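Chemist: what's the 3D shape of this:
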Amino acid sequence: MFGFGKIRLRGVDRKVIRDDAHAEDYKLAPAIGRVRFGKLCFYYRDLGVKYYVPYDYIERAFIRISETQPDDSPPIYYYRLILMHGEKEFANLIFNKEKDADDALARLSELAPDMAVGYVEPAGGKKPSFR
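Modeler: Numbers count the residues shown, from 1 in each chain. Alright, predicted model coming up:
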């Protein structure tokens, strides 16, 4: 009656949708970590919010490796799948395993054949800010 239990998905335009087609696509979509590959859209979770992104919105994707050096321990590596539209990063999805990040990028490349893969240094050599 009140819509409790329905999947809420937020888009890149910040609008929230609750339609049954996207909810069903989200549920049936195969997942790698916190990303899902639906027939309608690419889905991911970030800070408790579920996002949907049409495949044609993603212009470029690449993997960035982050290293954390704790005291008296070996370094810890995080693998980030970065999604871009225009020259702006709109998603920074963290994976703990390199294989998961590589598999997610490969699957995304299959579903979005027009998407470019790989890092391109921005004009002026300055890294763009996130969001």
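
Chemist: quick one, strands of the protein?
Modeler: Ranges of strands in the chain, per DSSP state E, are 9-10, 16-17, 31-32, 35-37, 42-46, 49-53, 60-68, 76-85, 88-95, 116-117.

Chemist: between the ones you listed, which one is nearest to Glu110?
Modeler: Glu110 lies closest to strand 35-37 among those, at 8.7 Å (Cβ to Cβ). Every C-beta, even on glycine, is put in place using the N, C-alpha and C of the backbone.

Chemist: give me the sheet partners of the closest one and which way each runs.
Modeler: strand 31-32 (antiparallel), strand 42-46 (antiparallel) (DSSP bridges).

Chemist: same list (the strands of the chain) but as CSV, adding mean neighbour count and distance to Arg107.
Modeler: Listed next are those as CSV, based on neighbours: other Cβ atoms under 10 Å; distance: least, Cβ to Cβ, whole Å:
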stretch, mean neighbour count, distance to Arg107
strand 9-10, 18, 19
strand 16-17, 12, 23
strand 31-32, 17, 7
strand 35-37, 21, 5
strand 42-46, 18, 9
strand 49-53, 17, 14
strand 60-68, 14, 11
strand 76-85, 17, 11
strand 88-95, 17, 13
strand 116-117, 13, 12
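
Chemist: tell me which of these sits nearest to Asp103.
Modeler: strand 31-32 (5.4 Å).

Chemist: what average pLDDT does that closest one get?
Modeler: Averaging pLDDT along strand 31-32 gives 95.
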